[in-house]
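# model this:
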Amino acid sequence: MIRLFKHYLPRPLLILGLFEMVLVFAAAVLAWKVAWNLADADMPPMRDHLLESLIYTVTVYTMMLGFGAYQLSSFRSFRMTGARLSAAMLMSIVILSLLLLVAPTLDVWRSVLFFAVVFSFLFIVLTRILFLAIIGWRRFREPIIVIGTGAQGRRMVERSEDPTAGFRIVKQLSLSRVNAEEGSETLQDIPSLADFCARNEVEEIVLALDERRGSLPTDTLLKAKLSGVRVTDMSTFLERMTGRVDLESVRPSWLIFSDGFLGSSTGAVVSKRLFDLIASGLLLLLSSPILLVSALAVRLSSPGPIFYRQERVGQFGKVFEVMKFRSMVQDAEKDGAVWAQKGDARVTSVGRVIRATRIDEIPQIFNVFKGDMSFVGPRPERPVFVEQLSRQIPFYDERHVVKPGITGWAQLNYPYGASVEDARHKLEYDLYYIKNYSLFLDIVTLIQTVRVVVWQDGVR
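The predicted structure follows:
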């Protein structure tokens, strides 16, 4: 894993992404050459079309990110990879066509755009076929040693068996023969842990101990660390590998002494607010046609108000009213507050459409402009649910140290939650976002929200 702007990125995906960015740029250059040859004319210096080629490259790469082409799940089958690449290319054509309409000074022929998209798609598909067939995904999984064979150690083994896990366990060791499980090796069975790591190209030792007080082999671990091997506790390792804070292994002391958390940086808070103000103003202007059409559809589809206002818990526990397009029948909660369920009968016909496309969330931009919400942050919950979840889930109140968001890291990485257990899992992603916040992570989240909308991940 590579840390970029406090956010962890899988090394193979970052390398693949950079390589494919170069290929997309090369496809644009090749498209110009082909177009000029077909026109039977001499091609001018490439610098004359450098800006257009760069804009094309950035657009295509952004759409690939947005449509989930760099999600680990997209590598599970070639069909999924092809679908996401195709969607990204089609959307790139739409965006670039609109850009050419509003910026006529950009000199791009329609034939060039066509050839560039075809070449880009072929180059990337070929690259991914070779990547998976020759290099193989498993080769990029980081080799580690796990110390601990108890409950936490078993959880590490289970996670390593996930096909999308970014690591593999070379060896699992117990601290001593006293607490070793039958058939397991111990640290005493390894003459030199540092030498073993060097021979097996192990770069990291993960401590997955149920109890560590007075039992750590400090001399052995120190020698390994001085030889260049990272020594990491399980909570930090899983945070880096999974993009979430693992509540089953984390301790309060870990949260206290680890780096990060948005509240410690005034600059981050100010930059986030400026971004929200500028973006919300632009989006309100651009989305005004959708707002008008949706408002009319809601009004005509069922009796009741157009907008649905509901109390939610915001930053520092302050209660505010969130505004959305009404997607359920009037008086949907006359019998009390309940979580939305899959196939909820209370949802109207128009409501199903605006929920699936997330159009019902657009009026929340007013909340962002006002300052009650941000574009990116934990999903705001209702006071009755917050009171319930705070009693059942550790560290739940900590998610309120930042403003809630229209979209968020948890919404991208976990399906819609409708239970206490779902709320617990989503909190793990919320804590990661709060701990590792940066404007870069906000932008990544906003771009990848396209994937949630298009593939309707977690919609209810």
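# as a whole number, average confidence for the host helix or strand of Lys426?
Counting by DSSP states H and E, the element that carries Lys426 is helix 420-435. Mean per-residue pLDDT for helix 420-435: 92.
# Next secondary structure after it?
Following helix 420-435 toward the C-terminus (DSSP H and E): helix 439-455.
# So what touches that following helix?
Residues outside helix 439-455 that contact it (CB atoms under 8 Å, 6 or more residues apart in numbering): 4-7, 62-63, 65-68, 71, 87, 91, 268, 271-272, 275, 357-358, 375-376, 407-409, 411-412, 433, 457-458. Quick note: C-beta positions are derived from backbone N, CA and C, even for glycine.
# can you tell me which of these are in helices?
Of the positions in the contacts of helix 439-455, 62-63, 65-66, 87, 91, 268, 271-272, 275, 409, 411-412, 433 sit in helices, assigned by DSSP state H.
# For these, work out which two are farthest apart.
Spatially, the most separated pair among the ones in helices among the contacts of helix 439-455 is Ala87 and Ala268, at 32.8 Å (CB to CB).
# still on that earlier bit, going through the ones in helices among the contacts of helix 439-455, which one is the model least confident about?
Per-residue pLDDT puts Ala268 lowest of these, at 77.
# For it, grab the count of nearby residues.
17 (other CB atoms under 10 Å).
# wait, doesn't it sit right on Asn436?
No. Contact criterion CB atoms under 8 Å: Ala268 and Asn436 do not qualify, at 10.9 Å.
# Where do the strands of the stretch 1-150 of the chain begin and end?
Taking DSSP state E, counting those that start in this stretch, the strands of the stretch 1-150 of the chain run over residues 2-4, 7-9, 142-147.
# Extract the C-alpha trace of the next helix-or-strand element following the last one and format it as CSV.
I take that to be strand 142-147. Later in the chain than strand 142-147, the nearest helix or strand by DSSP H and E is helix 151-160. Output in CSV follows, covering the C-alpha atoms of helix 151-160 (Å, rounded to 0.1, in the frame of the first residue of the first chain):
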residue,chain,number,x,y,z
ALA,A,151,-9.1,-14.9,18.1
GLN,A,152,-7.4,-11.9,16.5
GLY,A,153,-4.9,-14.1,14.6
ARG,A,154,-7.7,-16.3,13.3
ARG,A,155,-9.4,-13.1,12.0
MET,A,156,-6.3,-12.2,10.1
VAL,A,157,-6.2,-15.6,8.5
GLU,A,158,-9.9,-15.2,7.4
ARG,A,159,-9.2,-11.8,5.9
SER,A,160,-6.2,-13.1,4.0
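# how far off strand 142-147 does helix 151-160 point, in degrees?
Put simply, helix 151-160 runs at 160 degrees to strand 142-147, going by axes from the mean of the first three to the mean of the last three CA atoms, to 10 degrees.
# So what's the model's average confidence on helix 151-160?
The average pLDDT within helix 151-160 is 91.
# From the chain's centroid, how far away is it?
How far helix 151-160 lies from its chain's middle: 23 Å, per CA atoms, centre = their mean, to the nearest Å.
# what's it in contact with?
146-148, 165, 167-169, 172, 206, 208-210, 234, 238, 242, 248-249.
# Ok, stretch 17-24 next?
56-57, 60-61, 64, 70, 120, 123-124, 127.
# tell me the mean pLDDT for it?
For stretch 17-24, the mean pLDDT works out to 93.
# three-state assignment of Leu300?
The local conformation at Leu300, judged by DSSP: H, G, I helix; E, B strand; the rest coil, is helix.
# That one and Thr348: what is the separation?
Noted for Leu300: a distance of 11 Å to Thr348, by CB to CB, to the nearest Å.
# Of the two, which one has the most company?
Thr348 (20 against 8).
# measure that one to Phe325 for me?
Separation of Thr348 from Phe325 (CB to CB) stands at 10 Å.
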